[in-house]
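K.L.:
My questions concern the predicted model and sequence given below.
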Amino acid sequence: MITSTGPCRDNVMAAEWTMQVSYDPLLIAVFVHPSAATFKNIKKTKEFGVNVAAAEQTSLINISGGYSRTEIDKLKVRNAFNLLKSRYIKAPLIAGCIINAECKLVAMKKLGDHTMVIGKVVAIRYDKTKTPLIYHTGKYHRIGSVIEPFRQVVRVNKITFKWFLDQADGRFVLKCVGALIKSGKRILVSQHTTKNGSYTTIPYAVPKRGSDHAKALLVHLKQSELKVELKHTPIIERLIIKNKNRVQRINFILFEGKLRSKSTEQDRLESVRADALLQAIAS
Ligand SMILES: Cc1cc2nc3c(=O)[nH]c(=O)nc-3n(C[C@H](O)[C@H](O)[C@H](O)COP(=O)(O)O)c2cc1C
């Protein structure tokens with residue numbers, strides 16, 4: 001709900017086309033029809049309030065979206081709105097919302113039949129006890145159950161877990177790029193030796209953020225003196241490795257390919273069945 005004041009006096013309108021468009025500075029865009037009283041207010045006073053409706057506020061949306069300020073003084077409807085005083089803008093805010101933001105206009109641009117109105121947030125409050133009201137296909141909804149993104153869960157031994165955990169270095173998802181070179185039921189592996197022991201996985205690298213994954217893999221393969229030919233289309237394998245109660249998410253971007261010549265001594269083909277992680281990657 002967008003609150004405003006100005007030539008059309010204190011007002012509120014429902015605006016589902018409202019979204020954050022920058023972190024720093026914190027900017028909010030609202031798309032307002034130029035015929036709305038709200039539009040005239042914002043154009044004149046260059047400020048507005050953004051009030052994100054809580055699940056129990058459907059009737060406020062009906063009123064603010066169903067009537068214009070030219071028809072009734074919506075904010076005065078006695079059995080509907082409770083107002084809060086703003087600190088930096090003249091328009092009031094709506095009580096009981098999940099978020100109230102006070103905005104100063106930074107840009108306005110007509111796009112199609114609506115006008116994009118961008119405001120810089122100068123004050124914001126968030127009530128974490130509330131849940132947002134969802135408007136979808138003309139109906140109101142509450143936020144439902146969380147959908148966990150599907151990842152294959154793989155139990156690994158302590159050494160392997162520790163290795164990937166160290167590489168993740170606190171990141172929620174460790175992003176790897178690897179070569180998937182299969183020959184029948186066997187797969188090309190690399191041996192890794194750590195101070196805790198050794199283990200095998202596919203040849204892989206952890207590319208720097210923002211860097212080209214295919215190139216990072218090629219560099220790694222060259223350093224490992226592995227002569228392989230890779231296809232250009234990546235595959236993604238999203239895993240959770242587990243050891244006792246500890247978990248680490250890993251994304252493997254995989255490039256399939258074949259050996260160009262015999263591998264070096266430490267890199268070889270191994271049965272996919274030899275290891276749960278190899279099985280998960282190769283599946
Ligand atoms: C759920 C809902 C969402 C709406 N979203 C928008 C919107 O994003 N932009 C817009 O211009 N109008 C939107 N409207 C319509 C305005 O709220 C409506 O035209 C209102 O009467 C304008 O009020 P005003 O003339 O007092 O400013 C929406 C209406 C409803 C019911």
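P.N.:
Everything's here; your move.
K.L.:
So for the residue positioned nearest the centre of the chain, what's the nearest residue that isn't a sequence neighbour?
P.N.:
Residue closest to the average C-alpha location in the chain (C-alpha atoms, centre = their mean): residue 149, at 12.2 Å. The spatially closest residue to residue 149, leaving aside those adjacent along the chain, is residue 238, at 7.4 Å (C-beta to C-beta, 6 or more residues apart in numbering). For glycine as for every other residue, the C-beta is placed from the backbone atoms N, C-alpha and C.
K.L.:
residues touching the one you found, list them.
P.N.:
Applying C-beta atoms under 8 Å, 6 or more residues apart in numbering to residue 238 gives the contacts 149, 150, 151, 152, 249, 250, 251, 252.
K.L.:
Report the closest residue of the protein relative to the ligand.
P.N.:
Per C-beta to the nearest ligand atom, the residue of the chain with the smallest distance to the ligand is residue 65, at 2.4 Å.
K.L.:
For the residue nearest to residue 149, identify the helix or strand it belongs to.
P.N.:
Element membership for residue 238, per DSSP states H and E: strand 228-243.
K.L.:
what element comes up after that strand heading to the C-terminus?
P.N.:
Once the chain leaves strand 228-243, the following helix or strand, as judged by DSSP H and E, is strand 246-259.
K.L.:
quick check: angle from the next helix or strand after that next one to strand 228-243?
P.N.:
Under the assignment DSSP H and E, the closest C-terminal helix or strand after strand 246-259 is strand 267-271. Strand 267-271 and strand 228-243 are oriented at 60 degrees to each other (axes from the mean of the first three to the mean of the last three C-alpha atoms, to 10 degrees).
K.L.:
which helices and strands does strand 267-271 pack with?
P.N.:
Under the contact criterion of 3 or more C-beta pairs under 8 Å, 6 or more residues apart in numbering; DSSP states H and E, the helices and strands touching strand 267-271 comprise strand 186-194.
K.L.:
May I have the strand it packs on as CSV, with CA atoms only?
P.N.:
These are the backbone C-alpha positions of strand 186-194, laid out as CSV (Å, rounded to 0.1, in the frame of the first residue of the first chain):
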residue,chain,number,x,y,z
ARG,A,186,34.7,-46.7,-14.9
ILE,A,187,35.4,-43.1,-14.4
LEU,A,188,38.6,-40.9,-14.5
VAL,A,189,39.7,-40.0,-11.0
SER,A,190,42.4,-37.9,-9.3
GLN,A,191,44.1,-38.9,-6.1
HIS,A,192,44.2,-36.2,-3.4
THR,A,193,46.5,-36.6,-0.5
THR,A,194,45.9,-34.6,2.7
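K.L.:
This completes my enquiry, with thanks.
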